[in-house]
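1. Got a sequence here, can you build the structure:
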Amino acid sequence: MLSDKTDIIQRWQDQLQGPLKVGLLQTPDKRSDDFKSFMNELLGLTSKVELTVEQGGKEDIPAILLSDLWRYHMIPHGTELKPFLDHLLNLDRGETNITGESMSKIERVRFPARIKIYVTTQCPVCPDVVSQLSPLPLINPKIHLTIIDGMLFPELAKADRVQAVPTVFCDDQFRWTGPFHCEELLDVLIQRDPSQLGVDVYKRMIKEGDAGRLADMMIHTILVSPPPGVVTVALLILPIPFMLKVYLK
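-> Modelled structure (predicted):
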């Protein structure tokens, strides 16, 4: 996959400080072998990447892992090699080229968000979308990014009813297909109604130590903007978030 990319890899490596830690999730899925072959090729071309291999179960999907924030169910070759290498370079430097209002918007995202991008390694538009979204978790770790090759994992694309790439999902509630501008996603992330967040988001908030903020959200929703016809129910459940706040203290 990388045999004809040695010059590109060498120029990329020359910019790295390293060592850069990359994870590989291997599973019983036969596609794991292709992920392993790619990483072995990359390791053969650079001394500045350290690979950690994790063993997954039958229910897991092979992936390249970059901390807990980025998950690649994709082998980054073809059109997706450059965005992958550029992202690793950003991680190595601990910085991005995002500035101004976009940076401010990313920093203002208050609630956990899972962004999912479907691509293919032949798609001419996909690299731009991946390049726009890859830096987001580096600026705000509440954002998690998963990139999926819809050709390599057609069962995932079918489950999400993806018929074209690029397709971007936000918490499985919002969806964009085709040419994409990051600002649209950022506006959604900032303006999301907390009462409409999915159960998984609430679970992540508790798991990541944001139970206090969750309690504040519950109190605000009950006292300030309760849905019509739920006043009696609100009075009954009102003690719950207050008790949660007291417990957390």
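2. Check whether residue 113 really touches residue 172, as I assumed.
-> No - taking C-beta atoms under 8 Å as the definition, residue 113 is not a contact partner of residue 172, at 10.9 Å. Every C-beta, even on glycine, is put in place using the N, C-alpha and C of the backbone.
3. Give me the more crowded residue out of the two.
-> Between residue 113 and residue 172, counted using other C-beta atoms under 10 Å, residue 113 has the larger neighbour count: 24 against 11.
4. Next one, pLDDT for the residue nearest to the more buried one when sequence neighbours are not counted please.
-> Nearest in space to residue 113, with sequence neighbours left out and distances taken as C-beta to C-beta, 6 or more residues apart in numbering, is residue 143 at 5.1 Å. With respect to pLDDT, residue 143 scores 97.
5. what's residue 143 in contact with, if anything?
-> 69, 106, 109, 112-113, 115, 136-137, 189 (C-beta atoms under 8 Å, 6 or more residues apart in numbering).
6. pLDDT added to those, as TSV?
-> Converted to TSV, the contacts of residue 143 look like this (pLDDT from 0 to 100):
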residue	pLDDT
69	97
106	96
109	94
112	92
113	94
115	97
136	97
137	97
189	93
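7. For residue 41, see how far away the residue nearest to residue 113 is.
-> From residue 143 across to residue 41, the span is 30 Å (C-beta to C-beta, to the nearest Å).
8. Let me know whether residue 103 touches residue 138 as I believe.
-> No - using C-beta under 8 Å, residue 103 is not in contact with residue 138, being 11.1 Å away.
9. Specify the local secondary structure of residue 38.
-> Three-state assignment for residue 38 (DSSP: H, G, I helix; E, B strand; the rest coil): helix.
10. Residue 57 too?
-> coil.
11. for this structure, what spans make up the strands?
-> Counting by DSSP state E, the chain has strands at residues 20-26, 49-55, 63-66, 70-73, 113-119, 143-149, 167-170, 174-177.
12. Switch those over to CSV; also include distance to residue 10.
-> Shown next, in CSV, are the strands of the chain (distance: least, C-beta to C-beta, whole Å):
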stretch, distance to residue 10
strand 20-26, 15
strand 49-55, 13
strand 63-66, 21
strand 70-73, 22
strand 113-119, 26
strand 143-149, 25
strand 167-170, 33
strand 174-177, 36
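13. Looking at these, which is nearest to residue 80?
-> strand 113-119 (6.4 Å; C-beta to C-beta).
14. residue contacts, the residue nearest in space to the middle of the chain?
-> In the chain, the residue lying closest to the centroid (C-alpha atoms, centre = their mean) is residue 145, at 0.8 Å. Neighbouring residues of residue 145 by C-beta under 8 Å, 6+ apart: 69-71, 115-117, 133-134, 136-137.
15. what pairs with it across the strands?
-> Legend: beta-bridge partners of residue 145 under DSSP bridges are residue 70, residue 115.
16. all helices of this structure, in order?
-> For the chain, the helices defined by DSSP state H occupy 6-15, 32-45, 81-93, 100-107, 126-133, 136-139, 154-159, 182-191, 199-207, 211-223, 231-237, 239-248.
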